[in-house]
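Asks: With the input below, show me the fold.
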Amino acid sequence: MLEWRLDPASPNRIPQVYGYDQPIVIVCPEGYTSSLAATVLQDLGLHRATDLIGGYRAREAAGLPVTAGPGR
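Replies: Below you'll find the predicted structure:
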């Protein structure tokens with residue numbers, strides 16, 4: 001689904017995706033799946049795609065706010 005929804009060239013992309021140079025941060029619970037997803041996005045040409053090391057659990061453990069994003 002990443003290829004459909006986050007590739008700027010896809011007719012099925014989400015409206016927030018506007019170009020290959022925009023920063024995109026992928027977050028998952030622990031940072032493993034998001035690392036793989038960020039690599040897929042980089043392979044699509046989104047060279048600024050990255051992930052949150054440790055995921056939202058690391059963010060929560062650091063005392064930072066955690067809220068559900070779109071689709072949650």
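Asks: how about stretch 23-38: buried residues?
Replies: Within stretch 23-38, the residues that qualify as buried by neighbour count (16 or more other CB atoms under 10 Å) are 24, 26-28, 31, 34-35, 37-38. (Glycine included, C-beta is placed from N, CA and C.)
Asks: How about stretch 56-63?
Replies: 56, 59.
Asks: Only alpha carbons, please: show that stretch as CSV.
Replies: Taking C-alpha atoms only, stretch 56-63 is exported to CSV below (Å, rounded to 0.1, in the frame of the first residue of the first chain):
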residue,chain,number,x,y,z
TYR,A,56,6.3,5.4,19.6
ARG,A,57,7.1,3.2,22.6
ALA,A,58,10.5,5.0,22.9
ARG,A,59,8.8,8.3,22.5
GLU,A,60,6.3,7.5,25.3
ALA,A,61,9.1,6.1,27.5
ALA,A,62,10.9,9.5,27.1
GLY,A,63,7.9,11.2,28.5
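Asks: From the chain's centroid, how far away is that stretch?
Replies: Its chain's C-alpha centre and that of stretch 56-63 lie 17 Å apart, by CA atoms, centre = their mean, to the nearest Å.
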